[in-house]
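*Asks:* structure here, sequence nowhere to be found:
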């Protein structure tokens, strides 16, 4: 059985999702795991999860005779890679960073502020309009407002821009590492009122 298959069966058998496997110089085998997606539930990998998977993988890899010097099992972190359709479905509405395989070129329409040579984008991930395949990323080139900075009420915000893409056009996609030191805030559905009860 191939190493990828062995690791994936072991990880999913323990109730986790395999995000990626990476082999590096020096014999390091890095396995990244996550909780399976449950709509509406925020679950996180902790040290005990990584320890449980590490122990099981060490046993399985020894039985399989897999060669590695060191095994590292970790969570995907705040900049989790997005690899497949399932990941994109899971993180729709989130801020992501994408790198295209090729610059957008002719897709940079006339009047757009996007350079034809641009390959990297940060924006909100959305399903593409009905009737079209794939996804889109939406962003504004509006500079972020600094704390304490006054903004004129008459100022017209920069228009939103969108770029449609399919998964095979992407070289890399990751959740954008946004840290909020005030703590996690629950997602609020558009049009819903935030809850005030504690």
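*Replies:* Nice, thanks for sending it over. Being a predicted model, the structure only gives us computed values, none of them experimental. Residues are numbered from 1 along each chain as shown.
*Asks:* can you pull the contacts of the closest residue to residue 85 other than its chain neighbours?
*Replies:* Closest residue in space to residue 85, ignoring its immediate chain neighbours: residue 167 at 6.6 Å, by CB to CB, 6 or more residues apart in numbering. Bear in mind the C-beta positions are built from the backbone N, C-alpha and C, glycine included. Contact criterion CB atoms under 8 Å, 6 or more residues apart in numbering gives 84, 85, 88, 134, 135 as the residues in contact with residue 167.
*Asks:* any chance you could map the helices in this structure?
*Replies:* Listed from the start of the chain, the chain has helices (DSSP state H) covering 3-13, 47-64, 85-90.
*Asks:* okay, those in TSV with mean neighbour count and distance to residue 151 next?
*Replies:* Shown next, in TSV, are those (neighbours: other CB atoms under 10 Å; distance: least, CB to CB, whole Å):
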stretch	mean neighbour count	distance to residue 151
helix 3-13	15	48
helix 47-64	14	43
helix 85-90	16	33
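*Asks:* mean pLDDT for these - can I get that in CSV?
*Replies:* Supplementary listing: the helices of the chain in CSV, determined by pLDDT from 0 to 100:
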stretch, mean pLDDT
helix 3-13, 94
helix 47-64, 95
helix 85-90, 89
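*Asks:* any chance of the ones you listed in TSV, plus distance to residue 27?
*Replies:* Rendered in TSV, the data for the helices of the chain read as follows (distance: least, CB to CB, whole Å):
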stretch	distance to residue 27
helix 3-13	13
helix 47-64	12
helix 85-90	28
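*Asks:* so which of those helices is nearest residue 77?
*Replies:* Shortest distance between residue 77 and the helices of the chain, using CB to CB, is found for helix 47-64: 12.1 Å.
*Asks:* residue ranges with poor pLDDT in the chain?
*Replies:* 1, 105-113, 130-133, 180-198 (pLDDT under 70).
*Asks:* any chance you could map the strands in it?
*Replies:* In chain order, the chain shows strands spanning 17-24, 28-34, 70-74, 95-100, 120-127, 135-140, 160-165, 170-175, with DSSP state E as the criterion.
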